[in-house]
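Engineer: turn this into a structure:
(one chain, ligands or ions: 1)
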Amino acid sequence: MTSPLVAIVADTLVHDSYIWHATPQTYLRAAMEVAGLQPLIVPAFGDKTDFYTILAAVDGVMLTGARSNVHPDNYGVKATEAHGPFDPARDATSLPIIREALKKNLPVLAICRGHQELNVALGGTLANDIQDLPDRDNHRAPEADTQDERYAIRHEVNIRNGSSLQDLFDGETISVNSLHRQAVDRLADGLSAEGTAEDGTIEAMQARDAKAFAYGFQWHPEYWAESDKASRAIFEAFGKAVRAHASSRA
Ligand SMILES: N[C@@H](CCC(=O)NCCCC(=O)O)C(=O)O
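Structural biologist: Now for the predicted structure:
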């Protein structure tokens, strides 16, 4: 059995005196075991990356969550210490890969930092430390000993009436986890808000002109992809779209 390739842009981190280009296993497993895809981790070498060759080889692109934040230079805001930590190598790789993937009508699944990258890549902006803004809730992960507690389901997302996500989730409201302190501020023109939290945070969005699956989700469907119905539905739909792209090329 062959599985289509999905490109996943790596985070960079320093460990044991080396710079690593890496992706958490939760995303890789959800891509492999629920979406049925073969992940290909793309090292974050920015403009040294041969995007043409990578995007000719894969049938989808997935952007993961990360503790780092998109550098505000990318959306025209002056950086402060509070905007960090940063991973400029990832920004320089993920933002162009998103734009190129959408131009090529490749399926795109953007999660948490990836959701924020999708907005910035198309010209939108981000709000920082939203828990300190008036009328906004705390969307950060709780202090907890285990990842299961950090990724526990925390709040509801209301899906826009008429959104194709209502069909995907078979309902108007879903319950999600929450591990972020930034959020979409000005939504890029090329995106539509498809789901919002009670405090107005854009939790789900879609690339308007995309001919394939192209969604951003502010929460983490990868963590419960095997056991949670809505999380599984996202990965299954992404897998189906990537396989459709692969078949259309064959
Ligand atoms: N850093 C951004 C993006 C949020 C995100 O991708 N979170 C994943 C965090 C994983 C963890 O805490 O273990 C933000 O804070 O908004």
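
Engineer: residues from the chain in reach of the ligand?
Structural biologist: Counting by C-beta under 6 Å from any ligand atom, the residues of the chain close to the ligand are 65-69, 112-113, 116, 141, 179-182. All C-beta spots, glycine's among them, are computed from the backbone N, C-alpha and C.

Engineer: apply 8 Å and report the result again.
Structural biologist: Within the chain, the positions adjacent to the ligand are 24, 64-70, 111-114, 116, 126, 139-141, 147, 150, 179-183, 220 by C-beta under 8 Å from any ligand atom.

Engineer: what subset of those is buried?
Structural biologist: Using 16 or more other C-beta atoms under 10 Å as the burial test, the residues of the chain next to the ligand include 64-66, 68-70, 111-114, 116, 126, 139, 141, 150, 179-183, 220 as buried.

Engineer: end-to-end on stretch 159-176?
Structural biologist: 12 Å (C-alpha to C-alpha, to the nearest Å).

Engineer: ok, back up a step: among the residues of the chain next to the ligand, which are in helices?
Structural biologist: Counted as lying in helices by DSSP state H, out of the residues of the chain next to the ligand, are 113, 114, 116, 147, 150.

Engineer: by contact count, what packs against the longest helix along the chain?
Structural biologist: As assigned by DSSP H, the longest helix anywhere in the chain is helix 229-249. The contact analysis (3 or more C-beta pairs under 8 Å, 6 or more residues apart in numbering; DSSP states H and E) places helix 229-249 against strand 60-63, strand 108-111, helix 164-169, strand 173-176.

Engineer: among those, single out whichever gets nearest to residue 1.
Structural biologist: When the helices and strands packed on helix 229-249 are compared by C-beta to C-beta, strand 60-63 sits nearest residue 1, at 17.3 Å.

Engineer: C-terminal to that closest one, what's the next element?
Structural biologist: Using DSSP states H and E, the next helix or strand after strand 60-63 towards the C-terminus is helix 88-103.

Engineer: and that following helix, how far out from the chain's middle?
Structural biologist: 12 Å (C-alpha atoms, centre = their mean, to the nearest Å).

Engineer: now swap in stretch 78-87 and tell me
Structural biologist: The gap between where stretch 78-87 is centred and where its chain is centred comes out at 20 Å by C-alpha atoms, centre = their mean.

Engineer: pLDDT of that stretch, averaged?
Structural biologist: Taken as a whole, stretch 78-87 has a mean pLDDT of 98.
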